[in-house]
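In: Sequence below, structure please.
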Amino acid sequence: MPTISVSNIQLYFAQHGEGEPLILIPGFAAGRWIWFKQIVPLSSQFRVVSFDPRGIGRSQFDSEPVTIRRLADDVAVLLHGFGIDCAHILGASFGGFVAQEFALAYPEMTRTLSLCCTSFGGPNHVAPSMETLVALASINGFNTEERIRRSLLPAFSPAFAREHSNEIEEIVRLRLESPVIEEAYRAQLSAAVGFNAESRVKAIQAPTVVLSGDADAVVPAQNSRNLVAKIPGAQLSIIEGGSHLFFIEQPDDFNQLVIEFLKKH
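Out: Sure, this is the predicted structure:
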C-alpha cells in the first residue's frame, strides 16, 4: 500500500500519468475515491496525485488538533516527499478550503489554483438550507450505508439521483470502502466552521479558476461568484444544472474545463 510519512502518521496516496504535477484535494469526509471520474482523463495530460486525508480511508489519524492550515501543510509534505517543488492545486468543497490555505501559505509551490464548489468561509459564506445542513452534520449511524446515502443525496441533483440510481449505489459503495474515523469527521467539521479566508484571498498569486454548478444545494454558486470577486484575476466557470458533485454528474464538462485552464498555465 503506497503511503508517505506526514508528521507521525502515514497518508495513503496514488499517482497516475506523467507531466506537470496536479494534486487533487477531496472534499468533506471524502477520500481519493471521489475523483474516480477524474483520475483517468486528467492523468492522460498530467501527473495526478490523489490521497486520503488524515483519518479518511486508508490514512492514519492522531490526536493532534486538525486545522485547515495543518491539512495544507500535509499537502506540502506530500509534495516534498515526491520531490515536487510546484504543482497545480485542485480542491473541491472542504478541499477548496485546504487549497486556498495552501496557495496562501505556499505561493511558490502553487502553479495554478482550481477551486470547485467551495467558498472563502466566514460570516459571508452563503449557507445551504437547514434541511441540507442537518443531513450533512448528523452522525447518527455513523459510517453505516443508510447514513452515508442520506448525507450524499443532497450533493446530487434530484434528476441525477432519480435517473442514475445504479451510479448512486456505486458511489455509496465507494464511500463504504473508504471509512471515516469519527474523530476525523468531527475535526474536519470544526475546522470548516472556523475557516475564514475572505480578507486573505486577495493575496493569492496563482492563476485561479473557480468552478461551480448553478444548482449546488450544498455550497450555493453565489459563493463561487464571491470568491472570484475577491481573488485577483480569477476566472469563473459555471456548469448549467450542476449539483455540488457536478464533477461526478457532468465529468466530461468538468474535466475539459480543468484541462483547458491548466494548459493555459
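
In: List the residues that contact Pro220.
Out: Listed by Cβ atoms under 8 Å, 6 or more residues apart in numbering, the contact partners of Pro220 are 126-128. Where C-beta positions appear, they are placed from N, C-alpha and C, glycine not excepted.

In: ok, 6 Å please
Out: Pro220 makes contact with Val126, according to Cβ atoms under 6 Å, 6 or more residues apart in numbering.

In: same for the helix or strand where Glu146 lies, what does it pack against?
Out: Glu146 is located in helix 145-152, with elements delineated by DSSP states H and E. Counting contacts by 3 or more Cβ pairs under 6 Å, 6 or more residues apart in numbering; DSSP states H and E, helix 145-152 is packed against helix 130-137, helix 165-176.

In: Tell me the buried residues in the last one?
Out: In terms of neighbour count (16 or more other Cβ atoms under 10 Å), helix 165-176 has its buried residues at 168, 171-172, 175.

In: Look at the residue lying closest to Pro107 once chain neighbours are set aside and give its secondary structure.
Out: Distances taken as Cβ to Cβ, 6 or more residues apart in numbering put Gln205 closest to Pro107, at 4.9 Å, once the chain neighbours are dropped. With DSSP: H, G, I helix; E, B strand; the rest coil as the basis, Gln205 sits in coil.

In: what's the burial count for Gln205?
Out: 14 (other Cβ atoms under 10 Å).

In: Pretty sure it sits against Met109.
Out: No: assessed by Cβ atoms under 6 Å, Gln205 is found out of contact with Met109, at 11.3 Å.

In: nearest residue to Asn255 other than its sequence neighbours?
Out: Leaving out its chain neighbours, the residue that sits closest to Asn255 by Cβ to Cβ, 6+ apart is Pro41, at 4.4 Å.

In: Cheers, nothing more for now.
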